[in-house]
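Undergrad: from the sequence below, what's the structure:
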Amino acid sequence: MEAAKGARPGGGPWAELLAWYDREKRDLPWRKTRDPYRILVSEVMLQQTQVKTVLGYYHAFLERFPDLRALAEASEDQVLAAWKGLGYYRRALHLHAAAREAAARHGGELPRSYAALRAMKGIGDYTAAAVASIAFGEPKGAVDGNVLRVMARYLGIEEPVDEARTRRRIQQAVDDAVPRERPGDFNQALMELGATLCLPQRPRCDACPLEASCAARATGAAHRLPVRKRREKVKAERRIVGVVEQGGRVLLVKRPAGGLLGGMWEFLNLEPAGAPGVADEEQLRDALASLTGSAAAECRFAGRVTHRFSHLLWEMDVYRVRALPLQASEPEAGSGWTWHPVERMHEAALPRAMQKVWERVREAAGTGQGPRA
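TA: Purely as a prediction, here's the structure:
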């Protein structure tokens, strides 16, 4: 539509959008600062997470890591522990990587342009555009899931928005429309519109400031757009998970840096080699002996726990395992495993899947204290 091509505040639909934003925007803490670091933290937290959830973590994270240098100097485990409960932990690792690069190459500050931000490890297209526009006033469009939906409807785009060429088209349309005077507010206005009015299932078109020039509103297609490619069926995968206790301590193993839940701590988490039951217990005993040198004195089934990722469903058969204390070795530095005190399990940087396992084991133990029988 012609209105979407380079319209500037001062007239037309984008002026209406900004006026609506000035009236209706939510009172959110990250909208009260121009500090690039605080804006970066909020933007990373808000990816794939609802505002109400982020509100419970934003201030606590900033108290723990008040600036880029503090975040850069923290260990990976400390960052992951502070992120615990927010999910999508790769975001925390990316944020940590960006902080370390800023400390090493940019004097502890974020660079001031989209191109320089995008070149940093851990910062993608959307995050770079959001920080550059909000903190530094660069007229660059920030396109997240909300903006994809808003623009697909506004422009009447029938092609799937999860195809690269459609995303490029929408990115160009937003880049053309973003004003030089208030680029950060413009980007936040589009995102706010998608979060509060241009909703996925029940768009509130009557209250929308873009109603008069929206293609989907004109054709009655708002409920049908955006179009997405058919998603692949989620794969179900059985796992054997052993919560190993030894002398008031619990065995934790660090996952490889790359891949699913990279760098996070977990319990013994094995791909089954046989049918459920005795074969699971033997496999857990073998894995425990290989890792720590300890034989398992006891292995009890605690129940099944499921956890869904975007592309995968883990069906975890959970066991409470006791290791013989006199046989268990202590981990060497960098060995990728550790004994963690039971009373400090709330501090462990466990992904949500493993938190569910721990909760199930506590229920099975009936003590609320941990895996002891």
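
Undergrad: got phi/psi on the spatially most central residue of the chain?
TA: In the chain, the centroid-proximal residue (CA atoms, centre = their mean) is Tyr88; its distance is 3.0 Å. Torsion angles at Tyr88 (phi, psi; degrees, to the nearest 10) stand at phi 50, psi 60.

Undergrad: so it sits against Val44, correct?
TA: No. Assessed by CB atoms under 8 Å, Tyr88 is found out of contact with Val44, at 9.6 Å. (Each C-beta comes from the backbone N, C-alpha and C, glycine too.)

Undergrad: for Lys121, helix, strand, or coil?
TA: Taken by DSSP: H, G, I helix; E, B strand; the rest coil, the conformation at Lys121 corresponds to coil.

Undergrad: spatially nearest residue to it (excluding sequence neighbours)?
TA: Leaving aside its sequence neighbours, Lys121 sits nearest to Ala97 (CB to CB, 6 or more residues apart in numbering; 4.6 Å).

Undergrad: repeat that for Arg304.
TA: With CB to CB, 6+ apart, the residue lying closest to Arg304 is Asp317, at 5.6 Å.

Undergrad: for the one you found, grab phi and psi.
TA: When read as degrees, to the nearest 10, the backbone of Asp317 gives phi -80, psi 110.

Undergrad: number of residues surrounding it?
TA: Asp317 has 19 neighbours, counted by other CB atoms under 10 Å.

Undergrad: ok, His346 next?
TA: When neighbours are defined as other CB under 10 Å, His346 has 10 of them.

Undergrad: could you do Arg352 as well?
TA: 17.

Undergrad: the closest residue to it other than its chain neighbours: what's it in contact with?
TA: Leaving aside its chain neighbours, Arg352 sits nearest to Gly87 (5.7 Å; criterion: CB to CB, 6+ apart). The contact partners of Gly87, by CB atoms under 8 Å, 6 or more residues apart in numbering, come to Gln48, Thr49, Pro351, Arg352.

Undergrad: now swap in Trp265 and tell me
TA: Under the criterion of CB under 8 Å, 6+ apart, the neighbours of Trp265 are Asp77, Leu80, Leu252, Val253, Lys254, Arg255, Thr338, His340, Ala348, Ala349, Leu350, Met354.

Undergrad: check it and give its pLDDT.
TA: Model confidence at Trp265, given as pLDDT, is 92.

Undergrad: report the beta-bridge partners for it.
TA: Trp265 has the following beta-bridge partners by DSSP bridges: Lys254.

Undergrad: circling back: tell me which of the contacts of Trp265 fall in helices.
TA: Cross-referencing those against helices under DSSP state H gives Asp77, Leu80, Met354.

Undergrad: give the contact list for the last one.
TA: Think Met354. Neighbour list for Met354: Val241, Met264, Trp265, Glu266, Phe267, Asn269 [criterion: CB under 8 Å, 6+ apart].

Undergrad: now the residues you listed as JSON lines including distance to Ala216?
TA: Listed next are the contacts of Met354 as JSON lines, based on distance: CB to CB, whole Å:
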{"residue": "Val241", "distance to Ala216": "46"}
{"residue": "Met264", "distance to Ala216": "41"}
{"residue": "Trp265", "distance to Ala216": "46"}
{"residue": "Glu266", "distance to Ala216": "44"}
{"residue": "Phe267", "distance to Ala216": "48"}
{"residue": "Asn269", "distance to Ala216": "45"}
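
Undergrad: contacts for whatever helix or strand Thr166 lives in, please.
TA: Element membership of Thr166, judged by DSSP states H and E, is helix 164-177. If you take CB under 8 Å, 6+ apart as the criterion, helix 164-177 is touched by 4-7, 14, 125, 139-143, 147-148, 151-152, 155, 157, 159-161, 186-187, 190.

Undergrad: write the ChimeraX selection for whichever of those residues are buried.
TA: To isolate the buried members of the contacts of helix 164-177 in ChimeraX, using 16 or more other CB atoms under 10 Å:
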select :4,7,14,125,139,140,141,142,143,147,148,151,152,155,157,161,186,187,190
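
Undergrad: residues of stretch 17-32 that come out buried?
TA: For stretch 17-32, the neighbour count (16+ other CB under 10 Å) marks Leu17, Leu18, Trp20, Tyr21, Trp30 as buried.

Undergrad: format those as a markdown table; extra columns: pLDDT.
TA: Below are the buried residues of stretch 17-32 laid out as a markdown table (pLDDT from 0 to 100):
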| residue | pLDDT |
| --- | --- |
| Leu17 | 97 |
| Leu18 | 97 |
| Trp20 | 98 |
| Tyr21 | 98 |
| Trp30 | 97 |
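
Undergrad: quick one: the strands in the stretch 201-350 of the chain?
TA: With DSSP state E, counting those that start in this stretch as the criterion, the stretch 201-350 of the chain has strands at 235-246, 249-254, 265-266, 268-270, 296-308, 312-323, 337-341.

Undergrad: what about stretch 304-322, start to end distance?
TA: By CA to CA, to the nearest Å, the extent of stretch 304-322 from end to end equals 19 Å.

Undergrad: now do stretch 158-167
TA: Taking CA to CA, the first and last residues of stretch 158-167 lie 12 Å apart.

Undergrad: mind listing what's buried along it?
TA: Val161, Thr166.

Undergrad: and it, how far from the chain's centre?
TA: 23 Å (CA atoms, centre = their mean, to the nearest Å).

Undergrad: could you do stretch 161-176 as well?
TA: The chain centroid and the centroid of stretch 161-176 are separated by 23 Å, computed with CA atoms, centre = their mean.
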